[in-house]
Each structure stands twice: as C-alpha cells, then as structure tokens.
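In: Show me the folded form of this:
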Amino acid sequence: MSKLTIALDIMGGDHGPPVILSAAVKAIELHSDVHFLLCGDQAVISPAIQNLTASQRSRVTVSHCDQVVEMGEAPTSALRHKKRSSMRRVIEYVQSNEADACVSAGNTGALLTLSFYLLKTLSGIDRPALISMMPTASHHNVFLLDLGANVNCTPEILFQYGVMGSVLAQEAAGIPSPRVALLNVGEEDIKGNAYVKLADQLFKDAPGINYIGYVEGDDIFTDKADVVVTDGFTGNVALKSSEGLAKLVINEVKRQSQKNFYTRLMAKIAFPLLKSIYNSVNPDQYNGASLIGLRGIVIKSHGNASKDAFYYAIVQAMKEAKMRVPDKIKTKIETVLLEQL
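Out: Predicted structure coming up:
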C-alpha cells in the first residue's frame, strides 16, 4: 500500500480542532505516504493548514460538515439526527473505501453505534471490541480488550475477542503465536463467574488459539500474556485505573524533584533515567484504541488527548491500514470456526 488515506473527525474530543489539527500537521510532516480527509467546520480547518507547504497542502482534503456529535449526546440521537456530522462523515469515507481508516476522539457510544450501523461486523463476529496496547515490565506490549464497547459479554463474544486480539498481536507486534488469557479474579479453575468459565472452555477447545488460561489484574503488566480478554466494564476500569496510576507516579516524581535545592540537583543528575521511565509509562504513546471486528478500521482516541496522544492514534490507524487488519481477522475467524466443526 503506497498511499494511505486517513479520515479525521476534527470536531470530536474535549479539546476540539486545535489539538487534532496540530496532530494532523505533525503526521504530515513526519509521514510522506499519508493523505488526510479533514472532516469538520471548514472555517476552523482552513486557517490551521494555511502554513503548510504546497506539497503538504496537496495531501489534505477538507470535507465541510455542519453538524457535531456532542460528547454527552445519546448514541441514538447521533444516529438519527446527525447525518451531516463530522463523526459520521469519517465513517462513511471508510464505508465507501475512500479512506483506509478513520480516527475520532468524540463520543465513544456514538462512534460505536455509527460504526456498527454503517460498517457492520465481519462474518462470525457478533460485536466489535475496543482494543489497545499497554506496557509491561519486560517492555513488551500487551493487548487488552474490551475497553468499553460492550459491558455485558457472552462467552461466545469473549472467545471472538480472543481470536481478534490474537490476530492484532500477531500482525502489529510480530508475535508468531500470541499468548491469549482470560482476565479473572483468580487463576484457579474454580474461580470466576459462569460466563468466564464457559469462555474458558471455548478457548480450550479451539486448537488455533494459543490459550494459556486465566490471569489476574496484576498480571496484565507482567508480560504473562500477549492478549488479555475481558468484558468492556472490567476492561475500561482496568484501563482508566492504570492510566490514573501512571499519571500519579509521573506527577509525584515531578513534585518530589522540585521540593528543594538538593532534590532539584538530584533530578537533574537523574534526568536521563527519569525521562526513560516517563517515556515507558506515559499513557499518550498508547492512545488509539481500535474498534476491532468491523468491516473497516475505526480508531478511537481519548477525548482529552493532547496533540502527541492524538498523533499516536493516527499512527495506529496507519499501521492497521497497512496490515489490512479486518482481512486478517476475517481469515482467522473462518479458520477457527472450521477447526471447531
């Protein structure tokens, strides 16, 4: 794939166009193979891209949208009444194959509903899931899903999540046989609710998946598994808790290092080490959750994403487009289902 076209919802998110447009400009400057469809208010977009060179400007197309899906808007309202919104437009570009992927920092429920309605799920997939990478102690990334798309999941849906997560780990991280685990309150077979136990059996009966059993919450960060599967309620709590802890650690290190002359001196001496630690746990670099399982690539950015964080979401969209993730998942699902017959 020599050229990538990414549709961006410029109007979504807590910080809106300034952050998203800055991230787009950064991506244009760093990646020569990407073209952007900027969807939103043309009067807001045009001034932000006027300083681009002629060559860079040729890689941007502005798609004016006169409606915005608000952050607190009900998904059904967005579906019925916001047919000219920037969020819907980016998904329509993916649906029509005019864009290889789309990115939005807008209302998660609305993005899920619109994507599900317009793109549909792949054959063999009941519900899409939000999946993202998280750091581990050994500096390998672990893929965690679902992060909030579906708070209630049947055993079959949890199994489908494991198959999809395995494909993404294999393609994105180059892991030949990703270790897939179920998140549970204990590693023993007697632990967990009925849905988790039934999903456990589905994984055990599937020869095409490298299933290693149950893991607990603290195992997410120990490199025990490459893919950790759970429902959207638990996954979202785990994600937000880990991000909050990472921010607490970062802010506490900053606060302690500025207490007095001696701590400032020690911080200056240890700056390379502190910078390395900051880079490894900074949540910004893990921004960009894929709405996996759809017949197209949709990336959800955090609503409060900074310019750098949204840039990483764009990079994730580019990566998945190059890998043709939906096609790989479709093939894997068909293979696993055949093996179970």
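
In: Assess the claim that residue 183 and residue 238 are in contact.
Out: Yes - counting by CB atoms under 8 Å, residue 238 is a contact partner of residue 183 at 7.5 Å. Placement of C-beta: from N, CA and C, glycine included.

In: Which one of these two is surrounded by more residues?
Out: Comparing residue 183 with residue 238 by other CB atoms under 10 Å, the one with more neighbours is residue 183, at 22 against 18.

In: list the contacts for the more buried one?
Out: With contact set as CB atoms under 8 Å, 6 or more residues apart in numbering, residue 183 has these partners: 214-217, 220, 228-230, 234-235, 238.

In: So which of those are in strands?
Out: 214-215, 228-229 (DSSP state E).

In: now the strands: where do they sit in the stretch 151-300 of the chain?
Out: Assigned by DSSP state E, counting those that start in this stretch, the stretch 151-300 of the chain shows strands spanning 179-183, 210-215, 227-229, 289-292, 298-300.

In: of all those strands, which lies closest to residue 51?
Out: Closest to residue 51 of the strands of the stretch 151-300 of the chain, according to CB to CB: strand 298-300, at 26.0 Å.

In: Contacts made by the closest one with the rest, please.
Out: Residues from elsewhere that reach strand 298-300 (CB under 8 Å, 6+ apart): 91, 94, 101-105, 108, 111, 115, 119, 130, 288-291, 313-314, 316-317, 320.

In: Just the ones of these in strands?
Out: Those of those lying in strands (DSSP E): 101-104, 130, 289-291.

In: could the residues you listed go into TSV alongside distance to residue 165 and neighbour count?
Out: As requested, the ones in strands among the contacts of strand 298-300 are exported to TSV (distance: CB to CB, whole Å; neighbours: other CB atoms under 10 Å):
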residue	distance to residue 165	neighbour count
101	18	27
102	21	31
103	20	28
104	22	32
130	11	26
289	12	26
290	10	29
291	13	25
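
In: Residue 123: which of those is nearest?
Out: Closest approach between the ones in strands among the contacts of strand 298-300 and residue 123, by CB to CB: residue 291, at 17.0 Å.

In: quick one: contacts for the closest one?
Out: Shown in contact with residue 291 (CB under 8 Å, 6+ apart): 111-112, 115, 128-130, 149, 298-300.

In: now the biggest helix by length in the chain and strand 179-183, what's the angle there?
Out: In the chain, taking DSSP state H as the definition, the longest helix is helix 232-257. Relative orientation of helix 232-257 and strand 179-183, computed by axes from the mean of the first three to the mean of the last three CA atoms, to 10 degrees: 100 degrees.

In: Show the average pLDDT along helix 232-257.
Out: Mean pLDDT, helix 232-257: 82.

In: so how far is that helix off the chain centroid?
Out: Helix 232-257 has its C-alpha centroid displaced from the chain centroid by 17 Å (CA atoms, centre = their mean, to the nearest Å).

In: Sketch out the low-pLDDT regions of the stretch 101-250 of the chain for me.
Out: Along the stretch 101-250 of the chain, segments meeting pLDDT under 70 are nowhere present.

In: picking up where we left off before, and which of the contacts of residue 183 is nearest residue 10?
Out: Nearest to residue 10 among the contacts of residue 183, with distances taken as CB to CB, is residue 235, at 28.0 Å.

In: That closest one: neighbour count?
Out: Residues contacting residue 235 under the criterion other CB under 10 Å number 28.

In: residues touching it, list them.
Out: Contacts here follow CB under 8 Å, 6+ apart; on that basis residue 235 touches 130, 144-148, 183.

In: export those to JSON lines and tack on secondary structure and distance to residue 172?
Out: Formatted as JSON lines, those follow (DSSP: H, G, I helix; E, B strand; the rest coil; distance: CB to CB, whole Å):
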{"residue": "130", "secondary structure": "strand", "distance to residue 172": "15"}
{"residue": "144", "secondary structure": "strand", "distance to residue 172": "13"}
{"residue": "145", "secondary structure": "strand", "distance to residue 172": "13"}
{"residue": "146", "secondary structure": "coil", "distance to residue 172": "17"}
{"residue": "147", "secondary structure": "coil", "distance to residue 172": "16"}
{"residue": "148", "secondary structure": "coil", "distance to residue 172": "20"}
{"residue": "183", "secondary structure": "strand", "distance to residue 172": "20"}
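
In: Spatially, what comes nearest to the residue nearest in space to the middle of the chain if we skip its sequence neighbours?
Out: Of all residues in the chain, the one closest to the mean position by CA atoms, centre = their mean is residue 289, 0.7 Å from it. Excluding the flanking residues, the one nearest residue 289 by CB to CB, 6 or more residues apart in numbering is residue 132, at 4.0 Å.

In: gap between the one you found and residue 300?
Out: Counting by CB to CB, to the nearest Å, the gap from residue 132 to residue 300 is 9 Å.
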